[in-house]
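Novice: Predicted model and sequence below, questions to follow.
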Amino acid sequence: MWSCKASNAWIKYIFEASKTNGWMEKSGAISDSLPLSLRELFALIILAHLKNGITNSSSWRVGFDPSASEPNDGCIILGKSRVDIEHKLVPQMAKDEVLKAILDTYDKYAKRGSAYGSGRTLVIFGNKETQGMVKISSLRDKINGESPFDRVFLMHAVAMRNNNTEVVIHITEHFPNKGIAQVNFNVLTGEAETPHCTIKF
């Protein structure tokens, strides 16, 4: 079982790669010993920061358990507590408008049923610029109170601040509860603050 403090994982594995265009879109494994893509690890880092913000802690870490069943996109952990993640990306080059792409992505993997989704939190990262406003309740409406996943989150970077050293990331919970959080992520240190959160996670 590999685990790492979220900020250290950013500095060690992603910081240099993040200086190049398209790093989020690359799906190759970081290494043989850490078979996560950069985007999968980034989502884990943000979720660990979110969990630390919610619990007023700094102890939630990112992790990868090679013995976990597939799909295996890593987890966040604190001692024996663990949240397994299934991560999907809406890429910049997606042909459809971002909302349709998000809904289609959810549909595709929800159709695989509870054998695929049970015990996992689905995170869909919208890495595509929107054309106008996205009705964020549309995914919740599609789920309609029933999902094979334990939780469904939508994650999106919405702004850069402080001379492009801080990414503002919004996380919206669509299942089983309704909530939204903001994580301000410092790209120089890998640390983050959670100034607003109504997610119980």
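Specialist: Sure thing, it's come through.

Novice: which residues does T172 bridge with?
Specialist: With DSSP bridges applied, the residues forming beta bridges to T172 are L154, I180.

Novice: Look up how far G28 lies from it.
Specialist: Plainly put, T172 is 28 Å away from G28 if you go by CB to CB, to the nearest Å. Heads up, the C-betas are built off the backbone N, CA and C, glycines and all.

Novice: Then E191?
Specialist: Computed with CB to CB, the distance linking E191 and G28 is 27 Å.

Novice: With neighbour numbers in mind, choose between those two.
Specialist: For E191 against G28, the residue with the higher neighbour count under other CB atoms under 10 Å is E191, and the figures read 16 against 8.

Novice: So for the more buried one, what's the nearest residue that isn't a sequence neighbour?
Specialist: The shortest distance from E191 to any residue that is not its chain neighbour, by CB to CB, 6 or more residues apart in numbering, is 5.0 Å, and that residue is S7.

Novice: my read is the one you found is in a strand, agree?
Specialist: No. With DSSP: H, G, I helix; E, B strand; the rest coil as the criterion, S7 is located in helix rather than a strand.

Novice: wait, it sits on F185?
Specialist: No. In this structure, S7 sits apart from F185 without contact. The criterion is CB atoms under 8 Å, and the distance is 9.7 Å.

Novice: okay, and the common contacts of the two?
Specialist: Common contacts of S7 and F185 (CB atoms under 8 Å, 6 or more residues apart in numbering): 45, 191-192.

Novice: Out of those, the closest to L122 would be?
Specialist: I45 (17.3 Å; CB to CB).

Novice: Name the nearest residue to the closest one, sequence neighbours excluded.
Specialist: Closest residue to I45 in three dimensions, ignoring its sequence neighbours and counting by CB to CB, 6+ apart: A6, at 4.5 Å.
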